[in-house]
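In: What follows is a predicted structure for the sequence shown.
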Amino acid sequence: MKDKLPFPLLDTPAALASCNGWTEEVYRDLLALQEGSISHDALDAKYLYRRAILTLDLTGFTVQAMKDRPLNALLRILDAQKVCIPVLHEHGALLVRAFADDLVGLFEEPGRALDAAFEIHRRVTAFNHSKHAAEQPALACIGIGYGQVYAIGPNLAMGDEMNRASRLGEDTARGNETLVTSNAYFALRSRPDVLFEQVASDDQLFPYYRASPH
């Protein structure tokens with residue numbers, strides 16, 4: 001018998017869901033899994049599906065927010081969303097979510113995600129050379145993953161491929177660069193219009209590839 005903890009645990013689905021992490025139904029199912037009344041297979045059957053994930057981050061946001069008026073940094077985010085969100089929808093994104101200077105798009109297959117990434121880079125570059133651009137325009141850093149994820153949370157994509165795509169888009173990719181996970185690469189490597197280059201990095205926990213139009 002396990003020792004009783006000297007502090008309370010929050011274990012009410014409605015109370016947990018009030019923080020807007022997951023839905024009340026998800027909390028109820030996960031608590032049931034911990035209690036043994038629902039199996040892992042049952043949870044997988046309910047929530048697990050295959051998706052391509054595109055994560056986008058902007059260059060220079062933190063630096064500009066520190067050095068410039070905070071409102072100018074927010075206007076840069078607005079400009080990026082005005083350019084990028086239509087591209088995601090045009091390429092069939094099933095879900096588009098914005099958070100701070102990040103964007104997430106979910107697709108049924110990775111080819112659409114990659115096409116969207118290339119088009120985003122093209123349009124962002126064109127916008128930055130137009131009269132509409134801010135004094136210090138941003139570039140897009142994009143990561144793409146592909147595989148099974150759980151339809152849980154605001155992005156409806158929790159799991160290893162979401163984590164990898166986020167790591168690539170938010171932490172690893174440079175401006176105007178698209179990086180893809182191994183799963184995405186193996187699904188896309190036969191495309192003759194794309195050049196893939198495996199990237200060697202000592203500080204990365206997994207292999208990844210740089211993708212560029214051929």
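Out: All right, it came through fine.

In: Now stretch 171-190: buried residues?
Out: 172-173, 176-185, 187-188 (16 or more other C-beta atoms under 10 Å). For every residue, glycine as well, the C-beta is placed using N, CA and C.

In: Which single helix of this protein contains the most residues?
Out: Longest helix in the chain, counting residues (DSSP state H): helix 70-90.

In: what mean pLDDT would you report for the helix or strand just after that one?
Out: Next helix or strand after helix 70-90 toward the C-terminus (DSSP states H and E): strand 95-99. Averaged over strand 95-99, pLDDT sits at 95.

In: before we move on, what about stretch 159-169?
Out: pLDDT averaged over stretch 159-169 gives 96.

In: For it, which residues meet the burial criterion?
Out: Neighbour-count burial for stretch 159-169 flags 159, 161, 162, 163, 164, 165, 166, 167, 168, 169 (criterion: 16+ other C-beta under 10 Å).

In: Then stretch 77-97?
Out: Buried residues in stretch 77-97 (16+ other C-beta under 10 Å): 77, 79-81, 83-85, 87-88, 91-93, 95-97.

In: The longest helix of the chain vs strand 95-99, what angle?
Out: Interaxial angle of helix 70-90 relative to strand 95-99 (axes from the mean of the first three to the mean of the last three C-alpha atoms, to 10 degrees): 170 degrees.

In: Distance from helix 70-90 to the middle of the chain?
Out: 16 Å (C-alpha atoms, centre = their mean, to the nearest Å).

In: circling back: please tabulate the buried residues of stretch 159-169 in JSON lines, including the columns distance to residue 13 and secondary structure.
Out: Listed next are these as JSON lines, based on distance: C-beta to C-beta, whole Å; DSSP: H, G, I helix; E, B strand; the rest coil:
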{"residue": "159", "distance to residue 13": "21", "secondary structure": "coil"}
{"residue": "161", "distance to residue 13": "27", "secondary structure": "helix"}
{"residue": "162", "distance to residue 13": "23", "secondary structure": "helix"}
{"residue": "163", "distance to residue 13": "25", "secondary structure": "helix"}
{"residue": "164", "distance to residue 13": "29", "secondary structure": "helix"}
{"residue": "165", "distance to residue 13": "29", "secondary structure": "helix"}
{"residue": "166", "distance to residue 13": "26", "secondary structure": "helix"}
{"residue": "167", "distance to residue 13": "30", "secondary structure": "helix"}
{"residue": "168", "distance to residue 13": "33", "secondary structure": "helix"}
{"residue": "169", "distance to residue 13": "32", "secondary structure": "helix"}
